[in-house]
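> 3D model of this:
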Amino acid sequence: MKATLYTDGGSRGNPGPAAFAYVLEADDGTVLAAHGETIGVATNNVAEYRGLLAALEWAKAHGHREMLVRSDSLLLVQQMRGNYKVKNAGLQPLYAKARLLAHEIGNVTFEHVGRAKNAHADRLANAAMDEAASRSAGL
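You can find the predicted model right below:
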């Protein structure tokens, strides 16, 4: 079964309080997994990779062997496709782990999509950042 993975990450400030999210859908659109999580202070790009890694780990653990990854991060997509070099030292280990997981899963392809087509994952990432902000403000 080919699954579609929507992944997103962001930070409020760059770096700043950050979170990631992913939504994994079956071919028929059924949501198989949806998760958002804060990761402390990080850059947008680190948050994007952390979302991808969490989703790939979930997919591997649940036996997925074929997936289409959709992200609104052009940098992440082009790096994972091998079109852009990973120059940032902080991203290199995240990239290496993502490449390894994608290889272990089997057939993983990457597609850049606009934010509107990534709305569910974007909403989950922002909700995680909002929740963290509320906790730190003592609300």
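
> buried sites along the helix or strand bottoming out on mean pLDDT in the chain?
The least trusted helix or strand in the chain, going by mean pLDDT, DSSP states H and E, turns out to be helix 119-136, with a mean of 87. Buried residues in helix 119-136, defined by neighbour count with 16 or more other CB atoms under 10 Å: 120-122, 124-126, 128-129, 132. For every residue, glycine as well, the C-beta is placed using N, CA and C.

> out of those residues, which is nearest to Gln78?
Taking CB to CB as the measure, Gln78 sits nearest to Ala121 out of these, at 18.5 Å.

> might one say that that closest one is in contact with Ala54?
No - between Ala121 and Ala54 there is no contact under CB atoms under 8 Å: 11.3 Å.

> and the pLDDT for Val31?
The confidence metric pLDDT takes the value 96 at Val31.

> could you report the separation of it from Val77?
22 Å (CB to CB, to the nearest Å).

> higher neighbour count, these two?
Val77 (21 against 11; other CB atoms under 10 Å).

> common neighbours of Ala121 and Ala54, please.
Tyr22 (CB atoms under 8 Å, 6 or more residues apart in numbering).

> tally of neighbours for Leu56?
So Leu56, with other CB under 10 Å, has 25 neighbours.

> how about it, what does it touch?
Leu56 sits in contact with 5, 98, 101-102, 105, 108, where contact means CB under 8 Å, 6+ apart.

> out of these, which is nearest to Arg70?
After measuring the contacts of Leu56 against Arg70 - CB to CB - the closest member comes out as Leu5, at 6.8 Å.

> ok, the closest one - contacts?
22-25, 55-56, 59, 67-70 are the contacts of Leu5 under CB under 8 Å, 6+ apart.

> check Val41 too.
Contacts of Val41 by CB under 8 Å, 6+ apart are 11, 15-18.

> farthest pair within these?
Pro15 and Pro17 (8.8 Å).

> the more surrounded of those two?
For Pro15 versus Pro17, neighbours defined as other CB under 10 Å are more numerous around Pro17 (20 against 16).

> where do the helices sit along this structure?
If DSSP state H is used as the criterion, the helices of the chain fall at 44-61, 74-81, 92-105, 119-136.
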